[in-house]
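A.B. asks: Provide a 3D model corresponding to the input given below.
(one chain, ligands or ions: 1)
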Amino acid sequence: MLQQTRASRVALAYEPFLRAFPDVARLAAADAQDVLRAWQGLGYYRRARSLHAAARAVMAAGGRFPSDAKGLARLPGVGRYTAVAIAAQAFGLPGIAVDANVRRVGARILGQDGHGTPLRTRDADIERGLGALLLAPCGGEPERRAAVPEALIELGALVCTPRTPACDRCPLAPACAAAASSDPTRFGRAKARAKARAESARALVVLDGGAVALVRRPDHGRWGGLFGFPSPDGETGADGRALAPIDHVLTHRRLRVTPVLVGADQAPADAAWVSLADLVAGVGPVPVSVLDRKVARSVLAALERDPEGGTA
Ligand code: SF4
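C.D. replies: Numbering: from 1, shown residues only. Below you'll find the predicted structure:
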């Protein structure tokens, strides 16, 4: 849950999720829509689908959870970083999980400037170099080994920050090539992120009494498997009452969505009708994205201001 999602948002979803699916068997047996609904508000719904698929894979293998990085990496949605991190933290197995923070710390300690070497090779060098420096002294003590990946994450977040590494209070300074140079920030620079692209779309809002028509999005793609307002291609076509556009930021996209209230004749044949008030309150019967909740809120507010001005 914490990958790419703020801890404050995860804090709201974590315990209800565990109450709904208290163990691997119950998660595996759950309906996919129920899993997505419990994931609402966390974004990146592919992780929920992978988690569900991983639970099913564990149950298909007799209910035994893999206990080393290799076995863990075979589960759906578990990459090398997650596999090494789980193996270290849950089973005390030696390993260095390389994420962006650890990559920066490692590159600085090893004095890699990172130019011209493929990322995979650099990460493998960092795993080896940090392993020799930090894991070897732990000997066979699982608890000490388990603390290393977490300590590295903390060090990257609090001490060895991207722009102002605090080498004077860093416990690794004696072993660090970057600290010995005149400019530690020269090492471990992340590539500049591509600018988020702007995209605009419309959300068609078909109201019938207090209910709105939602459609299920295809499994693959953005918000796969979730329900949402129909969003036709292009910016023209359906007539109706357009509301103020809503801005919503995703990792690589800046979306501007215009809700358009349209007549009941434009309801999709396979629509799921959901109470607008339930949708706003986040208690609807189907999983929806944060953006569709925002659309629902703006529709409800517009109707409260102007109850007569519904559809065209
Ligand atoms: S000594 Fe400085 S550059 Fe090296 S790991 Fe510590 S904070 Fe980072």
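
A.B. asks: alpha carbons only for contacts and neighbour counts from here, please
C.D. replies: Fine.

A.B. asks: ok, which stretches of the stretch 151-300 of the chain are strands?
C.D. replies: For the stretch 151-300 of the chain, applying DSSP state E, counting those that start in this stretch gives strands covering 197-208, 211-216, 227-228, 241-242, 246-249, 253-262, 272-275.

A.B. asks: Run the chain-centre distance for the last one.
C.D. replies: Put plainly, it is strand 272-275. With C-alpha atoms, centre = their mean, to the nearest Å as the basis, strand 272-275 stands 27 Å off its chain's centre.

A.B. asks: now it: mean pLDDT?
C.D. replies: The average pLDDT for strand 272-275 rounds to 93.

A.B. asks: Can you tell me which of the strands of the stretch 151-300 of the chain is nearest to D168?
C.D. replies: Nearest of the strands of the stretch 151-300 of the chain to D168, taken as C-alpha to C-alpha: strand 246-249 at 37.9 Å.

A.B. asks: which other helices and strands contact the closest one?
C.D. replies: Applying 3 or more C-alpha pairs under 8 Å, 6 or more residues apart in numbering; DSSP states H and E, one finds that strand 246-249 contacts strand 253-262, helix 290-305.

A.B. asks: Tell me which of these lies nearest to the ligand.
C.D. replies: Closest to the ligand of those, according to C-alpha to the nearest ligand atom: strand 253-262, at 32.0 Å.

A.B. asks: Check which residues of the closest one are buried.
C.D. replies: By 16 or more other C-alpha atoms under 10 Å, the buried positions in strand 253-262 come out as 254-262.

A.B. asks: Distance from it to the middle of the chain?
C.D. replies: 22 Å.

A.B. asks: Could you export it as PDB, CA atoms only?
C.D. replies: The C-alpha coordinates for strand 253-262 follow below in PDB (Å, rounded to 0.1, in the frame of the first residue of the first chain):
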ATOM      1  CA  ARG A 253      -0.600  13.100 -16.100                       C
ATOM      2  CA  ARG A 254      -2.300  16.300 -15.200                       C
ATOM      3  CA  LEU A 255      -6.000  15.600 -15.900                       C
ATOM      4  CA  ARG A 256      -8.700  18.200 -16.400                       C
ATOM      5  CA  VAL A 257     -12.100  16.600 -16.400                       C
ATOM      6  CA  THR A 258     -15.300  18.400 -17.200                       C
ATOM      7  CA  PRO A 259     -18.500  16.800 -15.800                       C
ATOM      8  CA  VAL A 260     -21.400  17.100 -18.200                       C
ATOM      9  CA  LEU A 261     -24.900  16.400 -17.000                       C
ATOM     10  CA  VAL A 262     -26.700  14.600 -19.800                       C
END
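
A.B. asks: ok, back up a step: possible to save the buried residues of strand 253-262 as TSV with distance to the ligand?
C.D. replies: Below are those laid out as TSV (distance: C-alpha to the nearest ligand atom, whole Å):
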residue	distance to the ligand
R254	33
L255	37
R256	40
V257	42
T258	46
P259	48
V260	52
L261	54
V262	57
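
A.B. asks: Can you name the residues of the stretch 151-300 of the chain sitting close to the ligand?
C.D. replies: Residues of the stretch 151-300 of the chain lying near the ligand by C-alpha under 6 Å from any ligand atom: 159-160, 165-167, 170, 172-173, 176, 178-179, 184.

A.B. asks: quick one: least confident of those?
C.D. replies: P184 (92).

A.B. asks: how many other residues sit next to the residue lying closest to that one once chain neighbours are set aside?
C.D. replies: Among residues not flanking P184 along the chain, A178 sits closest, at 4.4 Å (C-alpha to C-alpha, 6 or more residues apart in numbering). Around A178 there are 25 other residues, counting by other C-alpha atoms under 10 Å.
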